[in-house]
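Novice: What shape does this take:
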Amino acid sequence: MQITEIKKVGKGFRYNVYVDENYIGTFEAEILAKYKWKTGQEVAQEEIDKVKIVNGDLACFDRALGVLEKSMKTEKLLRDYLKEKGYPEECIDRAIDKLQDYGYINDGVYAENYIGAYSHMKGRRKLKYDLLSKGVPADVVEEKLDELLDEDEQYETCRNLTIKYMKNKQWDQKTKQKLFSHLVGRGFELSLIGRVAREVYDDRD
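Specialist: Numbering: from 1, shown residues only. You can find the predicted model right below:
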């Protein structure tokens, strides 16, 4: 079997490789250099299979690293992204393991950052739902919420959102119902919403 063509793909460092005039895959330049593949070279099927695995691992890891450089991801979000891009399950597993070893993926740190960024606009239930949907384990979510979510801050957040929502509105029954629905959607407990609504109503003048 002979490599009959190595053709550059786009502006990057990836190449389509043809063996006996048949396309066998797209390979990273680093892999071609490592195995010294060039046009006219004889290759065995065993070598091709091995290089495909190594190339897949490198491409998958590099794609994952590129995504993480733009924004932090949970393991689930990253795994879903790589699956969508068509990488084999085995390559994804190896990339995830390596990234966890390097500290690039940490669901606990992700939860901490998310709570810190959104606790001023969302209640506990909404924060919990969001984190679970992003793949953070339930025990980690509960631990981080207990550790980082301050009740007084949640009260102030709920109060600020109430004041903002009711600005220039009449305190009629229909508007109050909409207020409650709005705050429930933000993840606040009904008991807190009721308390805050009464206080804001009493202080409205």
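Novice: From the contact counts, what lies against the longest helix along the chain?
Specialist: Among the segments of the chain that qualify as a helix by DSSP state H, the longest is helix 45-70. Counting contacts by 3 or more CB pairs under 8 Å, 6 or more residues apart in numbering; DSSP states H and E, helix 45-70 packs against strand 22-28, helix 29-34, helix 75-84, helix 89-102. Just so you know, the C-beta spots here come from the backbone N, C-alpha and C atoms, and that holds for glycine as well.
Novice: Quick one: closest of these to T175.
Specialist: helix 75-84 (37.7 Å; CB to CB).
Novice: follow-up on the earlier one: report the distance from the longest helix of the chain to the chain centre.
Specialist: In terms of CA atoms, centre = their mean, to the nearest Å, the centre of helix 45-70 is set 20 Å apart from its chain centre.
Novice: try stretch 36-53
Specialist: 35 Å.
Novice: What mean pLDDT does that stretch get?
Specialist: Stretch 36-53 comes out with an average pLDDT of 86.
Novice: before we move on, what about stretch 21-33?
Specialist: 85.
Novice: which other residues reach that stretch?
Specialist: 4-6, 9, 13-18, 37-38, 48, 51-52, 54-55, 58-59, 62 (CB atoms under 8 Å, 6 or more residues apart in numbering).
Novice: In contact with the most centrally placed residue in the chain, which residues are there?
Specialist: Central residue of the chain (CA atoms, centre = their mean): K73, 3.3 Å from the mean position. K73 is in contact with 67, 81, 105, 110, counting by CB under 8 Å, 6+ apart.
Novice: Would you show me how to pick out the buried ones of these in PyMOL?
Specialist: Here is the PyMOL command that selects the buried residues among the contacts of K73 (16 or more other CB atoms under 10 Å):
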select buried, resi 67+105+110
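Novice: can you redo the contacts of K73 as a markdown table with pLDDT and distance to E89?
Specialist: Below are the contacts of K73 laid out as a markdown table (pLDDT from 0 to 100; distance: CB to CB, whole Å):
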| residue | pLDDT | distance to E89 |
| --- | --- | --- |
| V67 | 90 | 18 |
| Y81 | 93 | 14 |
| I105 | 91 | 17 |
| Y110 | 93 | 22 |
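Novice: Of the contacts of K73, which pair is most distant in space?
Specialist: Y81 and Y110 (14.3 Å).
Novice: Buried only: go through the contacts of stretch 21-33 for me.
Specialist: Neighbour counting with 16+ other CB under 10 Å marks 6, 14-15, 17-18, 37, 48, 51-52, 55, 58-59 as buried within the contacts of stretch 21-33.
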